[in-house]
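J.: I need the structure of the sequence given here:
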Amino acid sequence: MSNNIEELFLEAARVFTLKQFDLALELFNKILEIEPTHIKSLEARAVLYIQKGEIEAAKMDLEKAISLEPENPRLYYRLGQVYYREKNLDKALELFTKAIDLDPTYPAAYMARSQVLRDKGMEEAADLELDKAVAVQREIAKARRIVDF
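T.: Numbers count the residues shown, from 1 in each chain. Sure, this is the predicted structure:
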């Protein structure tokens, strides 16, 4: 069954990238009917809900995913994006920080945190976050070169 779910997920992801949102939603729903704890589908459906402006539905999926996989930094980052869209800067900041605590090499989370700090008028702190994002990206690139020769 799980092989079938992975195939369904890949198809859902493919149609999502083609912006066929209704079909993608249908497929993610189907996966989650079969396996309600499929994290990747919960996250992807949340992203789809964000695209459609269905913020509460996105929050519910992400909060459920976090309850199932509390060590997954991407889920906190996504939920931070939701709160940022709602202009809840404190909650967004808290979630981006949690993502970074779980994965200190998460450039997108540093950049998001920088944006929140800038929106709060904290320019110097925002610049520091951007510097961290760049430093992390540099370290990741350096590590890849070592691995790839």
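J.: identify the residue nearest residue 8 in space, chain neighbours excluded?
T.: Take residue 8 and drop its neighbours on the chain: the residue closest to it by C-beta to C-beta, 6 or more residues apart in numbering is residue 31, 5.2 Å away. For the C-beta atoms, the positions are set from N, CA and C on the backbone; glycine is no exception.
J.: now do the contacts for that neighbour.
T.: Contact analysis of residue 31 by C-beta atoms under 8 Å, 6 or more residues apart in numbering lists 5, 8, 9, 12, 38, 41.
J.: tally up the residues packed near the third one, please.
T.: Residue neighbour count, defined by other C-beta atoms under 10 Å, stands at 18 for residue 9.
J.: so what's it scoring on pLDDT?
T.: Looking at residue 9, its pLDDT reads 95.
J.: phi, psi of it?
T.: The phi/psi pair for residue 9 (degrees, to the nearest 10) reads phi -60, psi -50.
J.: residue contacts, the most centrally placed residue in the chain?
T.: In the chain, the centroid-proximal residue (C-alpha atoms, centre = their mean) is residue 78; its distance is 3.2 Å. Under the criterion of C-beta under 8 Å, 6+ apart, the neighbours of residue 78 are 43, 46, 47, 62.
J.: could you say which helix or strand holds the third one?
T.: What that stands for is residue 47. Per DSSP states H and E, residue 47 falls inside helix 39-52.
J.: would you mark the buried spots in that helix?
T.: By neighbour count with 16 or more other C-beta atoms under 10 Å, helix 39-52 contains the buried residues 39, 40, 41, 42, 43, 44, 45, 46, 47, 48, 49, 50.
J.: per-domain residue ranges of the protein.
T.: Annotated domains of the chain cover 1-69, 71-149 [automatic domain parsing].
J.: quick one: the residue nearest to residue 8 and residue 42, what's the gap?
T.: According to C-beta to C-beta, to the nearest Å, residue 31 and residue 42 sit 9 Å apart.
J.: cool, residue 83 as well?
T.: Distance from residue 83 to residue 42, counting by C-beta to C-beta: 17 Å.
J.: likewise for residue 125?
T.: Distance from residue 125 to residue 42, by C-beta to C-beta: 32 Å.
J.: what's the answer for residue 124, then?
T.: Using C-beta to C-beta, residue 124 is found at 37 Å from residue 42.
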